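Novice: Sequence first, predicted model second:
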Amino acid sequence: MADLLPLLASALILGLLGGGHCLGMCGGLMGALTLAIPPEQRGRRLQLLMAYNLGRICSYACAGLIIGLAGWAVATSPAAMALRVVAALLLIAMGLYLAGWWSGLTRIEALGRGLWRHIQPLATRLLPVSSVPRALLLGALWGWLPCGLVYSTLLWAASQGNAAHSALLMLAFGMGTWPVLLATGMAAERTRALLRQRGVRIAGGLLVMLFGLWTLPGPHQHWLMGH
């Protein structure tokens, strides 16, 4: 369990600071979700946003569980050490992405476009959203939208070699994305401005890269844990 805590922290930071990318993918939908609700009905607007994001996060956790089973099969084979190295390199790559130094991870989005072509028509039929169950279902479907950051996090979560841990990591990642998208739907400019600050993103990216170095097998782990 002690080894899982820094990984959960990494997943949470990835979601929180990756919110800028989430804005590009889901920001327009957040606006459409609440467009028909008068500003004075803030409670109603919050209910729909919470339901949508809950559905989206549940999809992340479900995907983490499914792909985590494949990771478990590899982890029980002689390739387990290679899987851990892959996990560390993905974590370092995501830290570089969060810091704004490298965006190559977005190329992974092509992996899910075939699946999304079948899901998107179902999701668009739920608009405009008029009820909480409808918002929940829309979020559950929209959680499968091709996204380089989500897919990279999925591959990293699966490389842990434990399906339950993969689901927990994706749940933590989803919880991290929640504040940004919720703030977008509620027009909270201060929250978005804070998370877009370059210093904040660089600090978060460096922290995630540090977790990646810690994940790499080797004697340096004991030195990092001591500091």
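Specialist: Thanks, I have it.
Novice: which intervals of this protein have sub-threshold pLDDT?
Specialist: 1-2, 19-42, 75-78, 183-196, 218-227 (pLDDT under 70).
Novice: any idea where the helices of it begin and end?
Specialist: 4-17, 19-34, 42-75, 80-99, 113-124, 132-142, 148-158, 163-185, 189-196, 198-215, 220-226 (DSSP state H).
Novice: highest average neighbour count across these?
Specialist: helix 148-158 (a mean of 26; mean count of other CB atoms under 10 Å). In short, each C-beta sits where N, CA and C put it, glycine included.
Novice: Tabulate the CA atom coordinates of that helix in PDB.
Specialist: Presented in PDB, the C-alpha positions along helix 148-158 are these (Å, rounded to 0.1, in the frame of the first residue of the first chain):
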ATOM      1  CA  GLY A 148      -3.800  11.400 -25.500                       C
ATOM      2  CA  LEU A 149      -3.500  12.200 -21.800                       C
ATOM      3  CA  VAL A 150      -6.100   9.700 -20.700                       C
ATOM      4  CA  TYR A 151      -4.700   7.000 -22.900                       C
ATOM      5  CA  SER A 152      -1.200   7.600 -21.700                       C
ATOM      6  CA  THR A 153      -2.400   7.400 -18.100                       C
ATOM      7  CA  LEU A 154      -4.200   4.200 -18.900                       C
ATOM      8  CA  LEU A 155      -1.100   2.600 -20.300                       C
ATOM      9  CA  TRP A 156       0.900   3.700 -17.300                       C
ATOM     10  CA  ALA A 157      -1.800   2.400 -14.900                       C
ATOM     11  CA  ALA A 158      -1.900  -0.900 -16.700                       C
END
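Novice: ok and that helix relative to helix 163-185, angle-wise?
Specialist: Orientation check (axes from the mean of the first three to the mean of the last three CA atoms, to 10 degrees): helix 148-158 against helix 163-185 gives 160 degrees.
Novice: Could you shift the numbering so residue one becomes 70, and keep it that way?
Specialist: Got it, first residue is 70 now, which makes that one helix 217-227.
Novice: got the angle between helix 217-227 and helix 73-86?
Specialist: Per the same axes, to 10 degrees, the angle that helix 217-227 makes with helix 73-86 is 170 degrees.
Novice: who touches helix 217-227?
Specialist: Contacts with helix 217-227, where a contact means CB atoms under 8 Å, 6 or more residues apart in numbering, come from 80, 83-84, 87, 90-91, 129, 132-133, 136-137, 139-140, 155-156, 159-160, 162-163, 166, 174-178, 180-181, 234-236, 238-239, 242.
Novice: wait, what's in contact with residue 120?
Specialist: Residues in contact with residue 120 (CB under 8 Å, 6+ apart) are 201-202, 204-205, 208.
Novice: repeat for residue 277
Specialist: 79, 82-83, 160-161, 163-164, 167 are the contacts of residue 277 under CB under 8 Å, 6+ apart.
Novice: Which two of these have the greatest separation?
Specialist: By the measure CB to CB, 82 and 161 form the most distant pair in the contacts of residue 277, at 13.5 Å.
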